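Participant: how does the following fold in three dimensions:
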Amino acid sequence: MKNLTKQTKPISGDEIKRDWHLVDATGKIVGRITPEIARLLQGKNKTNYVPYLDIGDYVVVVNINKMVISGRKADTKMYTKYSGYPGGLKRTKYSDLFEKNPGEIIRHAVSGMLPKNKNRKERLKRLFVFKDDNHPYKDKFNDNK
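Facilitator: Numbering: from 1, shown residues only. Predicted coordinates:
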């Protein structure tokens, strides 16, 4: 009979090591980069992933002014908010939101891909979105991009 002492140890909260990832959105489609961002925020790229702990990494997305969207979504896609009161429905076209706040498009897409549990807000706090290459986290990366 084999010795069963070599088992995978569960990770505890103080053993979590968070890395920093840089995602360049230049010329990339929104729907193609957001699943990768959500995966990094959850920590699914790590070997010690467990769904009940938040072991994800920090993600910095740059050049979101240069990202593209496929098809005619720029004219037809709508984002809605509802306050809960009569007449409280607000609709915004993708093109208007892209001009006003393109980071909100990324946040909205990634938020929809994350699990709807207590870790969602903390994961979204580790997502940093910038319009161009200038960001204050350049010293966090190993290759100093």
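Participant: I'd assumed T34 was in a helix, is it?
Facilitator: Yes - using DSSP: H, G, I helix; E, B strand; the rest coil, the assignment for T34 is a helix.
Participant: now do the contacts for the nearest residue to it once chain neighbours are set aside.
Facilitator: Leaving aside its chain neighbours, T34 sits nearest to A109 (4.2 Å; criterion: CB to CB, 6 or more residues apart in numbering). C-betas here are computed from N, CA, C, even on glycine. By CB atoms under 8 Å, 6 or more residues apart in numbering, the contact set of A109 is V30, G31, T34.
Participant: so who does the last one touch?
Facilitator: For T34, the contact set (CB under 8 Å, 6+ apart) comprises I106, A109, V110, M113.
Participant: the first one now?
Facilitator: Remark: with contacts taken as CB under 8 Å, 6+ apart, V30 is in contact with M67, V68, I69, I105, I106, A109.
Participant: of those, buried ones?
Facilitator: By neighbour count, with 16 or more other CB atoms under 10 Å, the contacts of V30 hold M67, I105, I106, A109 as buried.
Participant: one step back: please flag which of the contacts of V30 sit within helices.
Facilitator: I105, I106, A109 (DSSP state H).
Participant: returning to what we had before: closest one of the buried ones among the contacts of V30 to P86?
Facilitator: Minimum distance to P86 across the buried ones among the contacts of V30 is 28.2 Å, recorded for I105 (CB to CB).
Participant: cross-check the contact I'm expecting between the closest one and K93.
Facilitator: No - under the criterion of CB atoms under 8 Å, I105 is not in contact with K93, lying 11.4 Å apart.
Participant: need the overlap of contacts for those two.
Facilitator: Common neighbours of I105 and K93, using CB under 8 Å, 6+ apart, do not exist here.
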